[in-house]
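Asks: fold the following, please.
(chains A and B)
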Number of protein chains: 2
Amino acid sequence: MNSEEFRKYGKELIDFVAEYMETNEKYSVKSTVVPGDIFSQLPSVPPDNPESFETIIKDFHDLIIPGITHWQSPNFYAYFSSNNSYESILGELLSSALGVHAFSWETSPAATELEEMMMIWLRDMISLPNQFVGVIQDTASTSTLCSLLTAREQKFKKNPLLKRSEISNFRVYCSTEAHSSIERAVHITGIGKQNLVKIATNSDFSMNIDLLENYLNNDLRNGFIPLCVVSAIGTTGSLAVDPVDKISEIAKKYDLWHHVDAAYSGNAMILDEYKYLSNLVKDCDTFVFNPHKWLFINFDFSAYFVRDKEALISTFEILPEYLKTSQGNSVNNYRDWGIQLGRRFRALKAWFVIRSYGVSGLKEKLRYHNYLAELIYNKVVESNDFELMAPFFMNLVCFRFKPDDLLNEDEINRINEDLLQKINSTGKLFLTKTKLNNKTTLRMVTGTTRANEKYVLDAWHHIERLAQQYKN
Amino acid sequence: MNSEEFRKYGKELIDFVAEYMETNEKYSVKSTVVPGDIFSQLPSVPPDNPESFETIIKDFHDLIIPGITHWQSPNFYAYFSSNNSYESILGELLSSALGVHAFSWETSPAATELEEMMMIWLRDMISLPNQFVGVIQDTASTSTLCSLLTAREQKFKKNPLLKRSEISNFRVYCSTEAHSSIERAVHITGIGKQNLVKIATNSDFSMNIDLLENYLNNDLRNGFIPLCVVSAIGTTGSLAVDPVDKISEIAKKYDLWHHVDAAYSGNAMILDEYKYLSNLVKDCDTFVFNPHKWLFINFDFSAYFVRDKEALISTFEILPEYLKTSQGNSVNNYRDWGIQLGRRFRALKAWFVIRSYGVSGLKEKLRYHNYLAELIYNKVVESNDFELMAPFFMNLVCFRFKPDDLLNEDEINRINEDLLQKINSTGKLFLTKTKLNNKTTLRMVTGTTRANEKYVLDAWHHIERLAQQYKN
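Replies: Residues are numbered from 1 along each chain as shown, chains lettered A, B, ... in the order given. The predicted structure is shown next:
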């Protein structure tokens, strides 16, 4: 493709993107293809000769689009949103064209220094204490893994007599509602899944810290080495908030590393009404939230903050000859701040989004999303047929269908599983489920960029209508 | 930003990208800013009110561009190239607009199934045996980490009596020229850097396998547990090729896991003249190469291949309720094929590039890059002032300045360090260095998308001219 063709197709695709972003509700939000539908239409050998870009774009529309589940559709209420924005798409466009690496300062000084400043902006926007220093990671999975690795290395550093083989006696603690990425991280570090202690929750699905202390004392008696506790600001199931400040006190008492996973809800800490959350986390060691979920900076962009930058760097630093640069330690070389060497220039899209929205604009959008969820919350509590399954918080409503005459829990679960299938198979909505107290629970997250009152109320009416068939 | 503004700015930026891609040699290839130059120009607090996109783009040009090291410039000869293409940029544009996740099949069937097929295409393009199954990772660092984790877990699975605490007796082997990501991965897995055994190399910088066997026997006598050997097709320093087939035999004899790191040179395995490399690797367990380095698919796109898919999945699989989908194991859920849960739709850009270039077009470009390196190689061997530092292979030339009258090795090193600084400080070229046999070595990689004869020869003349000042 030459420059002229790029201009032509590029502009065509900009028009497509504009149209897509405005009208993606016209597609079935959850793709209706069956396994193998797309694969079987693709040639199993690559073309030897060039194909025209005309053909390729046509195939994109004909083969790929039908297999897309439209995360950016206002009818997407599943998982947590992973919302994007025009500004962010343009940031990614420039970043992919520049094609620079942000692994050493000198491999692109602007990429490193803009990342430094964006992490200061984000830190201050969520009112994290200014001792914290941030770095962009791809996902919260990676951020949490980095935190556990740092905890592990600090433990050995501070206890020089501790043998490396003791790693299989380390213990990590989180609640039963904590994210699966913690279990994966504990596994990767070599500590092992069997050493992840999952603490039961209170009735609001937050960690029961009396139980945490019981486990800690028990583990100490049994020769285990308590290493780390991971608390949550907003669990995946129901956005429960652990008593993070009290967990920090326990962490101090038992010499535990304390990581806070605020992947989704951390975004809302930019709002004054959630400033109390910032106060909860001020004594933790590391903190992660994902602007790619709810701040219109498209995936991937996970904001990872550490209190002790040297502890992070000493965990990862390796300096072979071919990576030595003349600036040494006078600059940030982000290759030593995480797992990967190669790093994209991701700060650019954050800069575009934060400046174009303004912090006030971001706040307005998030408050609107919370208002939309409140509409659903009100519908649920007003209805005789639906039941709220967890305390309502931010923009997630957890509910299930349960008319008064339905009493058998297995039956209720079965019906809700079936109802969810029906909701999703229409292509009009996409919701996902979880289990809370072993009860099948539907989750509705109102956090897409284009979410509005009309879509949300239509969605509710649709759910209500589909649920009628289960009534006697 | 509304849809109309996006169309306007999007098209403006498409024009900028086209111009940038054609004329980026006009910039100083290595940014000339000093530490803090960019940072100090950025406001330390985010704007509360929205700023116009006009202003933001102006700042991009005025503040960011001067701080960019231009990886896509034809004057970039540093590290390994991380080349991009128009097709790839457009693939990324669509991928960021769709904003889907490829973590479960149903979170976007097309993203999963296109990834399946692209990994078949790439596998067959490099003639890897068809037992291999591929998955896209972000970097070779991550791919290598995945391989080591799988090796670790398979060892425990096959030896149920082995205690987890034995992890600190595991041993991993690679050559002294192997990439630093291996050391980092051994560290992350909990095996520990002290258990990475670095094997000295032969005169061509390939692993000395007699030494490997010596170490293995020694370690076994001393109660260590040999776990894994990592061999290289193309080391970072000099593109040395380990005797991978013989290492596979040793791996079999000692029950070692065998991972092959072909991050850069693996790309050239699409060429008939390197088919012998494919034969070398056919018995390994896992294999990684990075199409984002030399196949015009922009960063990030690391192609990771495994012989035993179940071994990979069982290393990572975790299935919480909120991730359960109705397809179960009948489809690929890539969330269980690596570290991260969230995954971008990266197959799209590969599809665009491979189809638009055609395999023959890709071959032609790679052969041209090798031809360009040959021009430099000829200059080096013809010159009395320069010395070849490693066997010439593919598109990397390793050399140093060494006129006949210069005999002191420390002096030669010092002069070459100084020469490199001078070369890079002009802004006309960017090369990086390594040490081979403790000798400072300049590396010149001719793998950018726009590399051509004129640029390469100009670069050589420039280097020659700058070197004259060191002659008596």
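Asks: from the contact counts, what lies against the helix or strand containing A:Gly361?
Replies: Taking DSSP states H and E as the criterion, the element that holds A:Gly361 is helix A:347-382. Where contact means 3 or more CB pairs under 8 Å, 6 or more residues apart in numbering or on different chains; DSSP states H and E, helix A:347-382 is packed against helix A:86-98, helix A:109-125, helix A:291-294, strand A:386-388, strand A:396-401, strand A:439-445, helix A:453-467, helix B:53-59. C-beta: built from backbone N, CA, C; applies to glycine.
Asks: try it again at 6 Å.
Replies: helix A:86-98, helix A:109-125, strand A:386-388, strand A:396-401, helix A:453-467, helix B:53-59 (3 or more CB pairs under 6 Å, 6 or more residues apart in numbering or on different chains; DSSP states H and E).
Asks: would you mind listing the buried residues in it?
Replies: By neighbour count on 16 or more other CB atoms under 10 Å in any protein chain shown, the buried set for helix A:347-382 is A:347-359, A:361-363, A:365-366, A:369-370, A:372-374, A:376-377, A:379-380.
Asks: next one: stretch A:422-431
Replies: A:Ile423, A:Asn424, A:Lys428, A:Leu429, A:Phe430, A:Leu431.
Asks: now the end-to-end length of stretch A:218-228.
Replies: End-to-end distance for stretch A:218-228, by CA to CA, to the nearest Å: 15 Å.
Asks: quick check: mean pLDDT of that stretch?
Replies: If you average the pLDDT over stretch A:218-228, you get 98.
Asks: how about stretch A:10-21?
Replies: 98.
Asks: need the CA coordinates for it. PDB is fine.
Replies: As requested, the backbone C-alpha atoms of stretch A:10-21 are provided in PDB (Å, rounded to 0.1, in the frame of the first residue of the first chain):
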ATOM      1  CA  GLY A  10      -7.600   5.600   6.000                       C
ATOM      2  CA  LYS A  11     -10.300   8.300   5.400                       C
ATOM      3  CA  GLU A  12     -12.800   5.700   4.400                       C
ATOM      4  CA  LEU A  13     -12.200   3.900   7.600                       C
ATOM      5  CA  ILE A  14     -12.300   7.100   9.700                       C
ATOM      6  CA  ASP A  15     -15.800   7.500   8.200                       C
ATOM      7  CA  PHE A  16     -16.600   3.900   9.000                       C
ATOM      8  CA  VAL A  17     -15.400   4.300  12.600                       C
ATOM      9  CA  ALA A  18     -17.500   7.500  13.100                       C
ATOM     10  CA  GLU A  19     -20.500   5.700  11.800                       C
ATOM     11  CA  TYR A  20     -19.800   2.600  13.900                       C
ATOM     12  CA  MET A  21     -19.400   4.600  17.000                       C
END
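Asks: touching that stretch from outside, list them.
Replies: Stretch A:10-21 has contacts (CB atoms under 6 Å, 6 or more residues apart in numbering or on different chains) with B:Ser3, B:Phe6, B:Arg7, B:Gly10, B:Lys11, B:Ile14, B:Leu90, B:Leu93, B:Ala97.
Asks: nearest residue to the second one other than its sequence neighbours?
Replies: Same thing as B:Phe6. Leaving aside its sequence neighbours, B:Phe6 sits nearest to A:Tyr86 (CB to CB, 6 or more residues apart in numbering or on different chains; 4.1 Å).
Asks: the one you found touches B:Asn2, doesn't it?
Replies: No: if you go by CB atoms under 6 Å, A:Tyr86 and B:Asn2 don't touch, sitting 7.9 Å apart.
Asks: show me where pLDDT drops low in the stretch 351-472 of chain A?
Replies: Nowhere does the stretch 351-472 of chain A drop to pLDDT under 70.
Asks: ends of stretch A:396-411, how far apart?
Replies: For stretch A:396-411, the first and last residues are 25 Å from each other (CA to CA).
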